[in-house]
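[1] this one's sequence-less:
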């Protein structure tokens with residue numbers, strides 16, 4: 001774990017986050033700067049800066065979790081589409097240098113502009129609202 005990494009702080013429960021799922025390898029929590037309600041982050045517990053450092057077996061495991069999150073967002077939040085985003089390096093738009101995957105639920109009427117960077121369309125969300133969203137999603141993972 002890295003002391004100055006915000007995601008390591010979240011994983012260690014030193015910083016607040018609305019957790020949806022956690023196991024020995026990965027955590028899933030809701031973004032506090034979401035594009036849309038339900039915007040989730042899938043993050044390995046071990047600190048890897050980017051995809052180049054992440055071992056292939058962990059990437060494969062993460063992909064399975066990302067798929068489960070996509071199903072949960074579709075089924076629980078009523079998403080009509082899912083955008084999966086993963087950035088590597090500043091040039092690609094990576095801001096937090098701990099590997100993570102964004103799973104973003106979309107609905108046609110929400111006005112998401114496909115030509116714009118998703119980061120340009122984020123807005124802050126209060127912790128209480130994130131917790132209510134997380135409460136809706138957590139049961140999905142207990143039954144899968």
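    Done, it's in. Not measured: the values here are computed from a predicted model. Numbering: from 1, shown residues only.

[2] The residue lying closest to residue 104 once chain neighbours are set aside: helix or strand, and which one exactly?
    Excluding the flanking residues, the one nearest residue 104 by Cβ to Cβ, 6 or more residues apart in numbering is residue 83, at 4.3 Å. In this view, the C-beta of every residue, glycine as well, is placed from N, C-alpha and C. Under the criterion of DSSP states H and E, residue 83 resides in strand 81-85.

[3] same thing with residue 102?
    Per DSSP H and E: residue 102 is located in strand 101-106.

[4] Tell me the helix or strand right after that strand.
    Of the helices and strands lying after strand 101-106 in sequence (DSSP H and E), the nearest is helix 127-143.

[5] give me the low-pLDDT residue ranges for this structure?
    Along the chain, the model assigns pLDDT under 70 to residues 1, 110-124, 143-144.

[6] circling back: could you list every helix and strand that the strand holding residue 83 packs against?
    If you count contacts as 3 or more Cβ pairs under 8 Å, 6 or more residues apart in numbering; DSSP states H and E, strand 81-85 packs onto helix 56-77, strand 101-106.
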